[in-house]
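> I'll drop the sequence and a predicted model, then ask my questions.
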Amino acid sequence: MSDYMFMLESHLTGEQYRLVGQMQAAAAATGLSLYLTGGAMRDVLGGFPVRDLDFTVEGNPAKLVKLLTQKHGGVVLSTDETKKSTQLRCEGGVTVEIAMARSERFPKAGAKPIIEPSTVYEDLRCRDFTVNAVALSLNKASLGLLVDPTNGVGDIERKELRAVHNYSFYDDPSRMLRLIRFKVRLGYTIDERTHLQYENAREADMLTKVTAEALGRELRNIAAEPDSHDLLAALEQEKLIELYSPVLTGAKLNLPTFAKLQKARHMVPFGIEFRINTLALFLYVLFEKLNPKERNALIAAADLTKLEATAPDKVVVAAKKLERDLKNPKLQKASQIYTVLSKAPGEQMLYLAVYSTQRIVHDRIRNYFQKYLPMALEVTDEAVAATGVTPGTPKFQRAKEEMILKGLDARPKKVAPAPEPLPPPPPMSGFVRGSGMRQARS
């Protein structure tokens, strides 16, 4: 096993690493060359938690996607026929993107690229920043081989963001938004030459060429960031948030509430399966200070769908019902609270963490994340299998749930305090050790 494969195994969660193995087997069965690429490799090498797994294959990935959905229960979230990419949610809540290795040529600044199949090496040289242009081979003949044509590993070690080529911001002006997003998320500095390219692109009015489709795509990425307050503050400082609406500044940007949302999102333990519609909750806070006309203008600027635009209001209605359930005086046991919240969508819980005025609601949500959920994660599949139930069966899942609920309600055993040690005997003055006779005073 190469050092990079060992790094991969030790850095990914159990569900993520299991999925990598499933992808390797599926790629071998379909005869496709498979690589782990993009943000997943950047985060592994940089020591960050891996949010999503990005795979690139040389060839059409359709057969690979089909195998993953049929054999391993992957659910397709979105597809892009032009780029031959598919996003899926797999077992354990792991999000995966499988894309064809491609080259991109831009006929003119800001135009749609001409896309053609390519090798993974050419694919990496067409990416935005060098830290995202690293790949790890998952093929049997070259397992663990690192492909790094732009020295992205060196930039990760230096904690620096560098554009892959000189015309990066001209080819795709939305990369200027992406640059600030990565700067905030990773805490990296911007390479001096890249910063100059960024400023030159702004002076050339390249921001006017950012399409509504690109703005919508980037807004979804912004919504997925846990540190949304910090990112929006940075975008406001760079005057980039105004691309969505010129009124998004000062009080209209609603930064105090975004600070509360950021704090609430940090309660969620990393690595758990947490179902959340990040865009719906983000948009609710973003829309809160806007009037209907301003809200509709922002929806049009970001090319949001009707479903996306109406989702924020639906979050509020559902969250109010959850609030009533959490206030129920009959809800006393930890297992009862866990059962209610484990079934609730994440956006409803975090909405209440930000907006509810009921202390009991805040306490129960905080206890769920900080006490009950960690205790539930301690009940492993191995512990359930040890009871004699066959893994992978409905009975196994019920047995695991029962073990979790029983553990949550179990009172910790009272440990009897250790007896206090006896005081040492007083010093035997006037006696000579070992003589057994009193010594005469002088």
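The structure has been received and is ready for your questions.
> Please look at Glu91 and Glu15 and confirm they touch.
Yes. Glu91 is within contact range of Glu15, at 6.5 Å (criterion: C-beta atoms under 8 Å). For the C-beta atoms, the positions are set from N, CA and C on the backbone; glycine is no exception.
> Scan this protein for its longest helix.
Longest helix of the chain, by residue count under DSSP state H: helix 306-327.
> give the contact list for the spatially most central residue of the chain.
In the chain, the residue lying closest to the centroid (C-alpha atoms, centre = their mean) is Arg51, at 3.7 Å. Arg51 sits next to 39, 43, 95, 224 when contact means C-beta atoms under 8 Å, 6 or more residues apart in numbering.
> Return the member of the residues you listed nearest to Pro107.
Gly39 (27.7 Å; C-beta to C-beta).
> sec struct for the closest one, please.
Under the three-state scheme (DSSP: H, G, I helix; E, B strand; the rest coil), Gly39 adopts helix.
> Can you tell me the number of residues neighbouring it?
Neighbourhood size, Gly39 [other C-beta atoms under 10 Å]: 19.
> do the same with Pro312
Around Pro312 there are 22 residues (other C-beta under 10 Å).
> again with Gly407
Gly407 has 16 nearby residues by other C-beta under 10 Å.
> ok, now Tyr368?
Count around Tyr368 with other C-beta under 10 Å applied: 22.
> That one contacts Gln336, correct?
No. Counting by C-beta under 8 Å, Tyr368 does not reach Gln336; the two are 11.3 Å apart.
> which is the next helix or strand following whatever helix or strand Thr86 lives in?
Per DSSP states H and E, Thr86 falls inside strand 85-89. Using DSSP H and E, the helix or strand that follows strand 85-89 towards the C-terminus is strand 95-100.
> Would you mark the buried spots in that next one?
By neighbour count with 16 or more other C-beta atoms under 10 Å, strand 95-100 contains the buried residues 96-100.
> Domains in the protein, by residue range?
1-158, 220-321+340-358 (automatic domain parsing).
> Can you give me the end-to-end span of the last one?
Start and end residues of domain 220-321+340-358 are separated by 30 Å (C-alpha to C-alpha, to the nearest Å).
> mean confidence for that domain?
Domain 220-321+340-358 carries an average pLDDT of 95.
> For the remainder of this discussion, apply numbering that starts at 41.
Yes, from this point I'll number from 41; that puts the last item at domain 260-361+380-398.
> Ala80 and Arg335: what is the separation?
Counting by C-beta to C-beta, to the nearest Å, the gap from Ala80 to Arg335 is 35 Å.
> neighbour-wise, which of the two wins?
With neighbours defined as other C-beta under 10 Å, Ala80 and Arg335 compare such that Ala80 has more, 26 against 18.
> Any regions of this structure where pLDDT drops low?
41-42, 451-482 (pLDDT under 70).
> hang on, Leu74 is in a helix, isn't it?
No. Looking at Leu74 with three-state DSSP, it is strand, so not inside a helix.
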